[in-house]
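K.L.:
what's the 3D shape of this:
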Amino acid sequence: MAKTHVKMVVNGAEVEGLVEPRTLLIHFIREQLLLTGAHIGCETTHCGACTVDIDGRSVKSCTMFAVQANGTEILTIEGIANDDGTLSALQEGFRQMHGLQCGFCTPGMIVRAHRLLQENPNPTEEEIRYGIAGNLCRCTGYQNIVKAIQYAAAKINGTDFQEAAE
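P.N.:
Next up, the predicted model:
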């Protein structure tokens, strides 16, 4: 099968490669770019483990072809950390609030939460739960994921994180 040349910006760096037209974006990211943070879960867009940010939108990369991403700007979990390499507010929140267990959903969950906080810097618990509804977690029960996102929002906004009484 003939290959197609693709070029995009991933985590701030211009990248290019040759792909078969049927190559899924998640496979291009993991296999050619060697960015293995985004996971392959269901390959049907149901789990969200493969979530990346493309041109300011959360996208499930398991059902998008790499050729469709040609010319776009993509942010993966590897690009979420601060420029100096320290943990972003979201990564710190997931660590401090124990927002992960097995970690399989975590990269996609953090990338989705990043976009959520870009769109709504001070979401309510209900808005967070709705915002991450397309990303499944089989381990945590979501409560600590919500706390992690609330923690990050407070840190980004320069306010004190007030953990809700349970």
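K.L.:
Quick check: which ranges of the chain have low pLDDT?
P.N.:
Applying pLDDT under 70 to the chain flags the ranges 164-166.
K.L.:
name the element the most centrally placed residue in it belongs to?
P.N.:
Centroid-nearest residue in the chain, with Cα atoms, centre = their mean: Val111, separated by 2.0 Å. Element membership for Val111, per DSSP states H and E: helix 106-119.
K.L.:
who's in contact with that helix?
P.N.:
By Cβ atoms under 8 Å, 6 or more residues apart in numbering, the surrounding residues in contact with helix 106-119 are 37-39, 47-53, 56-58, 75-77, 80, 88, 90-91, 94, 99-100, 123, 127-128, 131-132, 134-135, 137, 145, 148-149, 152-153, 156. For every residue, glycine as well, the C-beta is placed using N, CA and C.
K.L.:
Buried subset of those residues, written for PyMOL?
P.N.:
Only the buried entries of the contacts of helix 106-119 go into this PyMOL selection, using 16 or more other Cβ atoms under 10 Å:
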select buried, resi 37+38+39+47+48+49+50+51+52+53+58+75+76+77+80+88+90+91+94+99+100+123+128+131+132+135+137+145+148+149+152+153+156
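K.L.:
thinking again about what came up before, in the helix holding Val111, which residues are buried?
P.N.:
Of the residues in helix 106-119, 106-117 count as buried by neighbour count, 16+ other Cβ under 10 Å.
K.L.:
What's the first helix or strand after that helix?
P.N.:
Later in the chain than helix 106-119, the nearest helix or strand by DSSP H and E is helix 125-131.
K.L.:
which residue ranges form the helices in the chain?
P.N.:
Per DSSP state H, the chain carries helices over the ranges 25-27, 89-96, 106-119, 125-131, 143-157.
K.L.:
As a markdown table, those helices with distance to Val15 would be great.
P.N.:
Shown next, in a markdown table, are the helices of the chain (distance: least, Cβ to Cβ, whole Å):
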| stretch | distance to Val15 |
| --- | --- |
| helix 25-27 | 12 |
| helix 89-96 | 23 |
| helix 106-119 | 17 |
| helix 125-131 | 29 |
| helix 143-157 | 28 |
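K.L.:
Look up how far Ile29 lies from Ala13.
P.N.:
Distance, Ala13 to Ile29, using Cβ to Cβ, to the nearest Å: 13 Å.
K.L.:
Show me which of the two is the more surrounded one.
P.N.:
Using other Cβ atoms under 10 Å, the more surrounded residue of Ala13 and Ile29 is Ile29, with 25 against 9.
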